[in-house]
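# Quick one: sequence and predicted model below, then my questions.
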Amino acid sequence: MSRKPWIVSARYDVAFFLAPPVLALLAGIAISGTDLTRVALAIGPGDLTASGLFIGVLIHAHLVAVVFRSHANPTVFRRHPVRFLLVPAALWAALMWSEWIAVIATIVATFWDVYHSGAQTFGFARIYDRNAGAPADRDRALDFWMNQLLYAGPILAGATLIDHVEVFGELEGFEDPLSVLLASVPAHAEGHRGVLAWCVIAIGTVMVIVYVIASLRRVRRGEPISPLKIGLVASTGLCSIYTWGLNSWGEAFFVMNLFHAVQYLALVWWSERDHIAGMLRVPGARSIALVVFLGSTLAYGAMAELFEPDLHAWWAVTMVVSLMHFWYDGFVWSVRRDDV
């Protein structure tokens, strides 16, 4: 079956899937060093800045948006009702019951987020290659590891390494062997940072060469391959290397999460807009559905960002939403099943 090269349309894809990595990088550069990133607001916990509030709300909004796919889509919901109802409730109870589980959940969420972010670009890459006519499994493993490397590699090698492993320090005070081992990670990471950097740079260079050679060979053999995929992977990788790796403008977290959230919200809206509009059953339902979609997700984002973290029950809710988002996204979208 012949497909158009885009997921939605040329304008929609460029605006919400392809251009966001570069636009987010430019936005991060533009606000770096301004009052938006330096002056603390009078609202919210701690020294929250305007850029911090904006990106925090957007991050939480995109995390909760998965429910429009998992719970509001009848076809998807019928496949996994236990995962969508019982598991979140059980996880919330466990987080309330054990401080150790709460700390472990925080650590898991930190690193699952890294994996999940690379997996999102991988998913877009597979869709574009499928639309170009490539077989579902053609270079699938290469695309997967390429995207994971482009996202996680600069984190492990770059200026934000300690920011990501310092969460292990929360296990200080626990005396079990696992907690003691994990609590020592920040010190070991700082001590071996140089070695880690060279290892990741070397492996990353090899992976980039292999990826380019494999793509050129497909072109020479006349095999279908999506130029949109190559452009997306390249621009995302450039963004990741310059932000996570160097953090030159101190805005790595803002840049990477901005384009990731925009891409995800746009994908969920495009995929689920008819289901949301169908539930409303009123004239002009699609416009109202967009207001409901953005209004509800952003409202949750604001609550999650502004509420005091000392409210343990609410914190547990936000942690459940985060972990379920990472988990659900692994199976509610399937290029092989032609879900998207």
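Arrived safely, thanks for sending.
# From now on I want contacts and neighbour counts done on CA atoms only, so please keep to that.
Noted.
# which residues are in contact with stretch 116-134?
Residues outside stretch 116-134 that contact it (Cα atoms under 8 Å, 6 or more residues apart in numbering) are 2-7, 136, 140, 143-144, 147-152, 223-226, 228-230, 232-233, 236, 260, 326, 335, 340.
# lowest-pLDDT helix or strand in this protein?
Across the helices and strands of the chain, mean confidence by mean pLDDT, DSSP states H and E is lowest for helix 161-165: a mean of 68.
# Around the residue lying closest to Leu323 once chain neighbours are set aside, count how many other residues there are.
Leaving aside its chain neighbours, Leu323 sits nearest to Ala109 (6.1 Å; criterion: Cα to Cα, 6 or more residues apart in numbering). By other Cα atoms under 10 Å, the residues close to Ala109 number 19.
# Which helix or strand lies directly C-terminal to the least confident helix or strand of the chain?
Beyond helix 161-165 in the direction of the C-terminus, DSSP states H and E gives the next helix or strand as helix 177-183.
# buried sites along that following helix?
Under the neighbour-count criterion of 16 or more other Cα atoms under 10 Å, helix 177-183 has Ser179, Val180, Leu182, Ala183 buried.
# Stretch 251-258 too?
Those would be Glu251, Ala252, Phe254, Val255, Met256, Asn257, Leu258, for stretch 251-258 by 16+ other Cα under 10 Å.
# contacting residues for Thr236?
Pro21, Val22, Thr121, Leu150 are the contacts of Thr236 under Cα under 8 Å, 6+ apart.
# Reformat those residues as CSV; add neighbour count.
Output for the contacts of Thr236, formatted as CSV (neighbours: other Cα atoms under 10 Å):
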residue, neighbour count
Pro21, 28
Val22, 17
Thr121, 26
Leu150, 24
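# element containing Ser215, please.
With DSSP H and E as criterion, Ser215 is part of helix 193-220.
# as a whole number, average confidence for that helix?
Confidence over helix 193-220 (mean pLDDT, whole number) is 73.
# Ile43 in helix, strand or coil?
Taken by DSSP: H, G, I helix; E, B strand; the rest coil, the conformation at Ile43 corresponds to coil.
# need the contact list for the residue nearest to it when sequence neighbours are not counted.
Excluding its sequence neighbours, the residue lying closest to Ile43 (Cα to Cα, 6+ apart) is Leu306, at 7.4 Å. Leu306 sits next to Ile43, Gly44, Pro45 when contact means Cα under 8 Å, 6+ apart.
# surely the last one meets Phe307?
Yes - under the criterion of Cα atoms under 8 Å, Pro45 is in contact with Phe307, at a separation of 7.3 Å.
# now the contacts of stretch 116-134: which count as buried?
Here, 16+ other Cα under 10 Å leaves 5-7, 136, 140, 143-144, 147-152, 224-226, 228-230, 232-233, 236, 260, 326 buried among those.
# just checking, which of the residues you listed belong to helices?
With helices taken from DSSP state H, the overlap with the buried ones among the contacts of stretch 116-134 comprises 140, 143-144, 147-152, 228-230, 232-233, 236, 260, 326.
# before we move on, back to that, buried ones in the helix or strand where the residue nearest to Leu323 lies, by neighbour count?
Per DSSP H and E: Ala109 is located in helix 99-131. Neighbour-count burial for helix 99-131 flags 102-107, 109-110, 114-131 (criterion: 16+ other Cα under 10 Å).
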